[in-house]
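# Just need the structure, nothing else, for what follows:
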Amino acid sequence: QVQLVESGGGLVQAGGSLRLSCAASGRIFSSCAMGWFRQVPGKEREFLAAIRWSGSRTYYADSVKGRFTISRDNAKNTVYLQMTSLKPEDTAVYYCAADRNSALTGSTWDYEYWGQGTQVTVSS
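Numbers count the residues shown, from 1 in each chain. Have a look, this model is predicted:
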């Protein structure tokens, strides 16, 4: 079992940066792949980035490649999403998720555990 709690969201101006954190509890965290997703009302949850359990491989959606960076610190049971050059269209609730199979995947169906989300609002 893995419990996930996101933090670091807030209000930022366009062009600014934010770093989201996802703190995990549970012994299997270090063996899970981790992903970040976002969702706006009325739309499907959108994949952003994923990272293997070791941190050796990452995978990004084209929409955020070059602007967002995913990383993890297994000693701290935490995964991060560094977001730069933020745009108003990045406004959403951001979720982290864990995949016990440690596959790099963008499908929500492959992630067994989810956090409650943190709101990111980018003003123009």
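
# Tell me which residues are up against the strand or helix carrying G35.
In the assignment (DSSP states H and E), G35 maps to strand 33-39. Applying Cβ atoms under 8 Å, 6 or more residues apart in numbering, the contact partners of strand 33-39 are 20, 22, 24, 45-53, 68, 70, 72, 79, 81, 90, 92-99, 101-106, 108, 111, 117, 120. (Each C-beta comes from the backbone N, C-alpha and C, glycine too.)

# For PyMOL, write the selection for the buried entries among those.
Buried members of the contacts of strand 33-39 can be picked out in PyMOL with the line below, counting by 16 or more other Cβ atoms under 10 Å:
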select buried, resi 20+22+24+45+46+47+48+49+50+51+52+53+68+70+72+79+81+90+92+93+94+95+96+97+98+99+102+104+105+106+108+111+117+120
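
# Show me which positions of stretch 65-84 end up buried.
For stretch 65-84, the neighbour count (16+ other Cβ under 10 Å) marks R67, F68, T69, I70, R72, N77, T78, V79, Y80, L81, M83 as buried.

# Give me the mean pLDDT for that stretch.
Mean pLDDT, stretch 65-84: 96.

# ok so, going back, pull up the pairing partners for whichever helix or strand comes after the strand holding G35, direction included.
Moving toward the C-terminus from strand 33-39, the next helix or strand (DSSP H and E) is strand 46-51. Sheet pairing for strand 46-51, assigned by DSSP bridges, gives strand 33-39 (antiparallel), strand 58-60 (antiparallel).
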